[in-house]
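>>> no sequence for this one, just the structure:
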């Protein structure tokens, strides 16, 4: 029996540890078959849970401790293994690519029930599902055949306007793979925002489907995980971390809404589900298909080079056509509803139809400003303006949660000539209710639908025609199919446009296009009004014109000229500390140590203060390592991180292929 067990722990230490594979109490047999299970060990002065990743009869050559100095494991946590050699190999790849400790990578892969927060949970237990077989179009049939083509060597991409039947193609491809006796992973951006897709999967595949989402308790999530591992569930649908589902015979991975930034983890390890899916599909020699009406810039370029096979869907199968999109320049009166938008909402109601209003900003107004001295009320912990939430009577920070009562006069100069500017979903709701007193109105954002089941209930009422006007944030933008919607109004298209981030235009274009896709899905009279202060901006102009190819062409040219992805690869290091000088010195010192490790074609941008320079009381500086290939960047940064321990007052975040530079 093996005498030694190799373990990794969920701590930022770039190595594994060896323990004695026998209990502490004498007279008991050594423990066998530990690989894949969690074990409890003594680590320093703490008792911790570790992951067993190897067993051996002999210690490694040159092991620094005597045998009798090696600590025993304390107990075995799991009755059966949670992971196998394939998952261990994947965790090692994640650790090296995403610049984290091996134990951190494995911890992210396993079911904790706390790994990702994707909004209010959706309950499926009492849903009334009915299987609906749809007749496929020629384009859809060609796409299904192409995805399942055993001779294909490259991943597939299903590109088409919203409402062109991408979900049905994914479901048919999944049926084909299941018929071959293999399993399917179906990724969606956020369970709560794409529950119609999830319902379709559960309806089509019944007990063979497992849904992994943050609404599950830790024990339920673990039970689903083991059901998947045993082969009892063969199609797994879920958000980002479902990419790690332990299907024993993986046959297909589907990534719906591939462009969505929520596929990128915001905590260590900062993995991207798209990249992990590519790795898993390559290891399993199985097809991978992605889809979106607004592909990421990276995916669009790969389609152009042939590294992704493109299958295009061009017609809305339910009878709708792409809506008419008009751009409205906002005036200086501070109103959130232009005369044109008010008129269109009334016409929709008179026609017995519904309106959807979108603004990607919560709260009543966006900031408090003094017109005398220019003072802005900002969070004491973060370098961002506070947002007024009138319903709660508080100014709130959307980053750290700090709140304060609204001031009666300017705190800086005492002037009464101060007030609120900008607008959020609360402001629009207030204006809509005053403008349309006889209409039924509902708001959907993180503040209004915090209770379990509330989001689904509101959306179901809207789908049933019980609500005339639904307004909200991105919760109403994704994956939702409302037959009665005639009008979509984007209250302010500029909210994310002027962020100091090279992806700001791409995100704005995608959001407008996705929200506009909620209109005209079943009837040919859909209308979209885009309100903006910047109608000439390319992201807004191209989206309004429905010119997808034009936008991608100009955006790619701009990225090429500036040396940003997809023409380069980036690794971002963020240095944060309670002391600004510590963060700044840490970033400067890291740049000096990393620079000699890089090849001549790579460079370092910065160090500089982050655009969001202060969050939760931490000062933030960053540097960006840039080059044409990822491998040499990763090697240099990994060497720096593994060989240099930061001072206690400094924390370093490493992010390979960042999706945001804020």
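Yep, that arrived. Since this is a predicted model, take the numbers as computed values, not measurements.
>>> where exactly do the strands run in the stretch 401-550 of the chain?
For the stretch 401-550 of the chain, strands defined by DSSP state E, counting those that start in this stretch occupy the ranges 403-404, 418-421, 441-444, 469-472, 485-490, 527-532.
>>> between these, which gets the lowest average pLDDT?
When the strands of the stretch 401-550 of the chain are compared on average pLDDT, strand 418-421 comes out lowest at a mean of 72.
>>> that one pairs with which strands?
The strands that strand 418-421 pairs with in its sheet are strand 367-370 (antiparallel) (by DSSP bridges).
>>> show residues contacting the strand it pairs with.
375-377, 385-388, 395, 406-407, 410, 412-413, 415, 417-422 (C-beta atoms under 8 Å, 6 or more residues apart in numbering). Bear in mind the C-beta positions are built from the backbone N, C-alpha and C, glycine included.
>>> narrow these to those that are buried.
375, 377, 385-388, 395, 406, 410, 418, 420, 422 (16 or more other C-beta atoms under 10 Å).
>>> closest one to residue 171 out of these, please.
Top of the list for closeness to residue 171, among the buried ones among the contacts of strand 367-370 and by C-beta to C-beta, is residue 387 at 40.2 Å.
>>> residue 530: what's it in contact with?
Here residue 530 is in contact with 325-328, 490, 493, 512, 516, 540, 543-544 (C-beta under 8 Å, 6+ apart).
>>> again, 6 Å this time
The contact partners of residue 530, by C-beta atoms under 6 Å, 6 or more residues apart in numbering, come to 327, 490, 493, 544.
>>> dump the residues you listed to TSV, plus distance to residue 553 and neighbour count.
Listed next are those as TSV, based on distance: C-beta to C-beta, whole Å; neighbours: other C-beta atoms under 10 Å:
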residue	distance to residue 553	neighbour count
327	20	21
490	23	29
493	21	29
544	17	22
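>>> so which of the residues you listed belong to helices?
residue 544 (DSSP state H).
>>> walk me through the domains of this protein.
Listed by automatic domain parsing, the domain ranges of the chain are 4-107, 112-313, 324-364+423-559, 569-656.
>>> sorry, back to before: closest one of the buried ones among the contacts of strand 367-370 to residue 660?
For the buried ones among the contacts of strand 367-370, the nearest to residue 660 is residue 385 (18.6 Å; C-beta to C-beta).
>>> can you give me the pLDDT of the closest one?
78.
>>> in this structure it contacts residue 378, no?
Yes. Between residue 385 and residue 378 a contact is recorded at 5.5 Å, counting by C-beta atoms under 6 Å.
>>> do a quick rundown of the strands in the stretch 51-200 of the chain.
Using DSSP E, counting those that start in this stretch, strands in the stretch 51-200 of the chain cover 75-76, 156-160, 183-187.
>>> for those strands, give me JSON lines that also has distance to residue 634, mean pLDDT and mean neighbour count.
What follows is the strands of the stretch 51-200 of the chain, written out as JSON lines (distance: least, C-beta to C-beta, whole Å; pLDDT from 0 to 100; neighbours: other C-beta atoms under 10 Å):
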{"stretch": "strand 75-76", "distance to residue 634": "35", "mean pLDDT": "92", "mean neighbour count": "14"}
{"stretch": "strand 156-160", "distance to residue 634": "26", "mean pLDDT": "96", "mean neighbour count": "25"}
{"stretch": "strand 183-187", "distance to residue 634": "24", "mean pLDDT": "97", "mean neighbour count": "27"}
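>>> out of those strands, nearest to residue 564?
The nearest among these, by C-beta to C-beta, is strand 156-160 at 21.7 Å.
>>> adjacent strands (with direction) for the closest one?
strand 288-292 (parallel), strand 309-313 (parallel).
>>> please work out which of those is packed deepest.
strand 288-292 (a mean of 25; mean count of other C-beta atoms under 10 Å).
>>> quick one: mean pLDDT over that one.
The model assigns strand 288-292 a mean pLDDT of 97.
>>> and it with strand 183-187, angle?
Strand 288-292 runs at 30 degrees relative to strand 183-187, counting by axes from the mean of the first three to the mean of the last three C-alpha atoms, to 10 degrees.
>>> what's the angle between the helix or strand just after strand 288-292 and strand 309-313?
Where DSSP states H and E defines the elements, the next helix or strand beyond strand 288-292 is helix 297-305. Using the same axes, to 10 degrees, the direction of helix 297-305 lies 100 degrees away from that of strand 309-313.
>>> which residues in the stretch 401-550 of the chain form helices?
425-435, 454-463, 504-516, 538-545, 548-562 (DSSP state H, counting those that start in this stretch).
>>> which of those helices is buried the deepest?
Most buried among the helices of the stretch 401-550 of the chain, counting by mean count of other C-beta under 10 Å: helix 504-516, with a mean of 24.
>>> who are the packing partners of that one?
strand 485-490, helix 538-545 (3 or more C-beta pairs under 6 Å, 6 or more residues apart in numbering; DSSP states H and E).
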